[in-house]
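Trainee: Sequence below, structure please.
(one chain, ligands or ions: 1)
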Amino acid sequence: MAFKLPDLPYKYDALEPHIDAKTMEIHHGKHHGAYVTNLNKAIEGKPDLEKMPIEELCRKIEKVPQDIRTVVRNNGGGHYNHSMFWTAMAPAGTKGGGGGMPTGALLEAIKKTFGSFDQFKAQLGDAGIKRFGSGWAWLGVANGKLVIASTPNQDNPLMKGVVENAFEPILGLDVWEHAYYLKYQNRRPDYITEWWNVVKWPEIEARYAKLM
Ligand code: MN3
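Mentor: Take a look at the predicted model:
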């Protein structure tokens, strides 16, 4: 198998009460699991694609043979996005864990770009709320500057040619209904408000530092 479903770095119930255990179990095991299975099926027998790191596969999506491009875009995107999503969260309030605020260079850049941490949260949240149907809201870096964007389905900012302006994502917010419906039903804004309690800022700071 070229790609593998990564283990969660915490238990299914670790993000309670903000994200419930049943949602995490189905989201990780079934949804992410299916993206990995379908991606592997699509690229089977194509060693150049099977060997490629998932980031590179996303970046080079336009070079993927046309007959499998859509399947790879959806499922490869799904694999990358979710791998990044799980590791961007941690149990709320633990040391080095979820919630609170970033510090250092990332906090300074957020203030400079968006005015304040609260204004940044409002803007990213808004990108998620306004995404019609399924998709993601992103914080990333383009030309050394922080940017917020959103993508439909399992597209992501690495996918040059698919997204208008490609950039390096450092934080993704999954706004598919499968991410919140069991606990929040139609209340996507409530899910987003709660999600901030489990964002693992030390990890996002490290991703930011790597790019700067
Ligand atoms: Mn999802």
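Trainee: Phi first, then psi, for the residue lying farthest from the centre of the chain.
Mentor: Most distant from the centre of the chain: Gly45, at 28.2 Å, with distances by CA atoms, centre = their mean. Backbone torsions of Gly45, given as degrees, to the nearest 10, read phi 80, psi 10.
Trainee: Ok, Trp195 next?
Mentor: Per degrees, to the nearest 10, the backbone of Trp195 is at phi -60, psi -40.
Trainee: is it true that it touches Leu171?
Mentor: No - with contact defined as CB atoms under 8 Å, Trp195 does not count as touching Leu171 (10.7 Å). Every residue, glycine included, has its C-beta placed from N, CA and C.
Trainee: Could you report the distance from the residue found closest to Val64 once you drop the neighbours it is linked to in the chain to the ion?
Mentor: What sits nearest to Val64 in space, not counting adjacent residues and going by CB to CB, 6 or more residues apart in numbering, is Val72, at 4.9 Å. In this view, Val72 and the ion are 17 Å apart by CB to the ion, to the nearest Å.
Trainee: so who does Val72 touch?
Mentor: By CB atoms under 8 Å, 6 or more residues apart in numbering, Val72 lies in contact with Leu39, Ala42, Ile43, Leu49, Leu57, Ile61, Val64.
Trainee: Without its sequence neighbours, what residue ends up closest to Gly135?
Mentor: For Gly135, ignoring the flanking residues on the chain, the nearest one in space by CB to CB, 6+ apart is Pro152 at 4.4 Å.
Trainee: and the one you found, what is it in contact with?
Mentor: Arg131, Phe132, Gly133, Ser134, Gly135 are the contacts of Pro152 under CB under 8 Å, 6+ apart.
Trainee: List the contacts of the third one.
Mentor: Right, Gly133. Contacts of Gly133 (CB under 8 Å, 6+ apart): Pro152.
Trainee: The second one too?
Mentor: Contact partners of Phe132, counting by CB under 8 Å, 6+ apart, are Pro152.
Trainee: now it: how far from Trp176?
Mentor: According to CB to CB, to the nearest Å, Phe132 and Trp176 sit 12 Å apart.
Trainee: Let's verify Ser150: helix, strand, or coil?
Mentor: Classification of Ser150 using DSSP: H, G, I helix; E, B strand; the rest coil returns strand.
Trainee: And it, how close does it get to Ala88?
Mentor: Taking CB to CB, one finds Ser150 at 16 Å from Ala88.
Trainee: burial count for Arg187?
Mentor: 13 (other CB atoms under 10 Å).
Trainee: What are the structural domain limits within this structure?
Mentor: 21-87, 104-211 (automatic domain parsing).
Trainee: May I have the distance across the shortest one, first residue to last?
Mentor: Just to be clear, that refers to domain 21-87. This stretch, domain 21-87, spans 16 Å end to end (CA to CA, to the nearest Å).
Trainee: Now that domain: average pLDDT?
Mentor: The predicted model assigns domain 21-87 a mean pLDDT of 98.
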